[in-house]
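>>> No sequence on hand, only this structure:
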């Protein structure tokens, strides 16, 4: 099943993100029907079920196999696929390594991985070694060693791996990417981004105060646990891995007060989690410097009361964009000196072709449908995925590196060059439509 492309061929696959990829005529069968793409899904809890439901709405997608150690989740996914008019998929479960049986099937083109974090890298590596495109949920890896496992396996097998970072595909973020590439903001200098989302009462813990699977990461680690929703669009805005690259990273963390305070407030001061020591600080601030002299500030903020916010701000030599204000200021274009103007008219004017042709459906404001459509189009046509393994590793590396920096008193640490210096000559690919 595995084709061993040369490294030059593998890197060259990056030209695949071309105009009209969602509605591409390539790889289509008779009567305008798309060539079937056969997908296995590993992990069909809440997120995996959502992705499965979205894929069932994409023409030409077949799901012959699903895997989950929870028999109720497995049965639910099988029923969902049958209700969509497809044959009941083979179910794999019973133990943690049941996914290997799914990976070994010879009738799958790709595997979607939506399991607990610690399984993302091993499963993606297994998929690639079995010749199957790997679409892996965020983060794709938890430390630098795992990042290299993904890169090395993808290069050795010639099989693409894409982290499913859906915020890279948001309509506003892609319109802004068009503006940046058309020079409206000038040369990029600085960016701020964040994942600000109070997840204590529903994600790390359930409504009754019991630990859910992510809770163990708060006990064991002090780091930016979830940087990719922050960084997803930033990589393309700042030409990271295609003209510039992250060089160093320094992180600092506050003390932990929010988790204990929540449990004392909600369940009383005698609740075990009101007194437990958690390693994870409430706010982690990471400063990244690029080889080209740009800076990026990344905030982790998932344990204190607050509405959801990504706080994107990108600043260039001719102006800036502020997601919180939903506004821009552009030198020589904005009507009033040093005053913000609304972003929506710019989003409409610079709307990305991906949204004109295939966006607007499915979960997370349509980003899931667009992201999966683009991923599956790459699988169908044996092309590189919109986000490649280098993007996936670079974003995910912040998890482990931020923890290293915090443990060293917020000292700067080097960010590995997963492209092996090819960033110096690689051209931008993500979102390029002509």
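Received, thanks. Note that this is a predicted model, so its numbers are computed, not measured.

>>> Okay, the closest residue to residue 333 other than its chain neighbours and residue 332: tell me how far apart.
Spatially, and ignoring its direct neighbours in sequence, residue 333 is nearest to residue 184 (7.2 Å; C-beta to C-beta, 6 or more residues apart in numbering). (Each C-beta comes from the backbone N, C-alpha and C, glycine too.) In this structure, residue 184 and residue 332 are 10 Å apart, going by C-beta to C-beta, to the nearest Å.

>>> residues shared between the contacts of these two?
Counting by C-beta atoms under 8 Å, 6 or more residues apart in numbering, the common neighbours of residue 184 and residue 332 are residue 318.

>>> out of these two, which sits in the more crowded spot?
The residue with more neighbours, out of residue 184 and residue 332, is residue 184; 20 against 7, by other C-beta atoms under 10 Å.

>>> What secondary structure category should be reported for the more buried one?
Of the three states, residue 184 takes coil according to DSSP: H, G, I helix; E, B strand; the rest coil.

>>> Would you check that it makes contact with residue 319?
Yes: taking contacts as C-beta atoms under 8 Å, residue 184 lies within contact range of residue 319: 6.9 Å.

>>> joint contacts of those two?
Listed as contacting both residue 184 and residue 319 by C-beta under 8 Å, 6+ apart are 330, 333.

>>> Contact partners for the most centrally placed residue in the chain?
The residue lying closest to the centre of the chain (C-alpha atoms, centre = their mean) is residue 165, at 1.9 Å. Residues in contact with residue 165 (C-beta under 8 Å, 6+ apart) are 138, 228-229, 232, 371, 387, 391-392, 395.

>>> any chance of those residues in CSV, with neighbour count, distance to residue 61 and secondary structure too?
Converted to CSV, these look like this (neighbours: other C-beta atoms under 10 Å; distance: C-beta to C-beta, whole Å; DSSP: H, G, I helix; E, B strand; the rest coil):
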residue, neighbour count, distance to residue 61, secondary structure
138, 22, 21, coil
228, 27, 24, helix
229, 20, 25, helix
232, 27, 23, helix
371, 29, 14, helix
387, 29, 19, coil
391, 29, 24, helix
392, 31, 22, helix
395, 29, 26, helix
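
>>> out of those, which one sits closest to residue 254?
Of all the contacts of residue 165, residue 229 has the smallest distance to residue 254: 20.0 Å, by C-beta to C-beta.

>>> That closest one contacts residue 310, doesn't it?
Yes: between residue 229 and residue 310 there is a contact under C-beta under 8 Å: 6.8 Å.

>>> which residues do the two both contact?
167, 195.

>>> what residues go with each domain of this protein?
7-167, 171-353+388-424 (automatic domain parsing).

>>> Tabulate these (a markdown table), appending mean pLDDT and distance to residue 364.
Below are the domains of the chain laid out as a markdown table (pLDDT from 0 to 100; distance: least, C-beta to C-beta, whole Å):
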| stretch | mean pLDDT | distance to residue 364 |
| --- | --- | --- |
| domain 7-167 | 89 | 5 |
| domain 171-353+388-424 | 98 | 10 |
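
>>> Of all the ones you listed, which one comes closest to residue 381?
With C-beta to C-beta, the closest approach to residue 381 among the domains of the chain belongs to domain 7-167: 4.3 Å.

>>> so how far is the closest one from its chain's centroid?
Computed by C-alpha atoms, centre = their mean, to the nearest Å, the chain-centroid distance of domain 7-167 equals 14 Å.

>>> what does stretch 310-317 give?
Its chain's C-alpha centre and that of stretch 310-317 lie 19 Å apart, by C-alpha atoms, centre = their mean.

>>> Now that stretch: buried residues?
For stretch 310-317, burial by neighbour count (16 or more other C-beta atoms under 10 Å) applies to 310-316.

>>> Likewise for stretch 136-151?
Of all the residues in stretch 136-151, those buried under the rule 16+ other C-beta under 10 Å are 136-144, 146-151.

>>> before we move on, what about stretch 299-309?
299-304.

>>> Make sure residue 280 is actually in contact with residue 256.
Yes: Residue 280 is within contact range of residue 256, at 6.0 Å (criterion: C-beta under 8 Å).

>>> For those two, indicate the residue with more neighbours.
For the pair residue 280 and residue 256, the greater number of neighbours falls to residue 280 (24 against 19), based on other C-beta under 10 Å.

>>> which residues does the closest residue to residue 199 other than its chain neighbours contact?
Excluding the flanking residues, the one nearest residue 199 by C-beta to C-beta, 6+ apart is residue 302, at 4.7 Å. By C-beta under 8 Å, 6+ apart, the residues touching residue 302 are 195-200, 204, 225-226.
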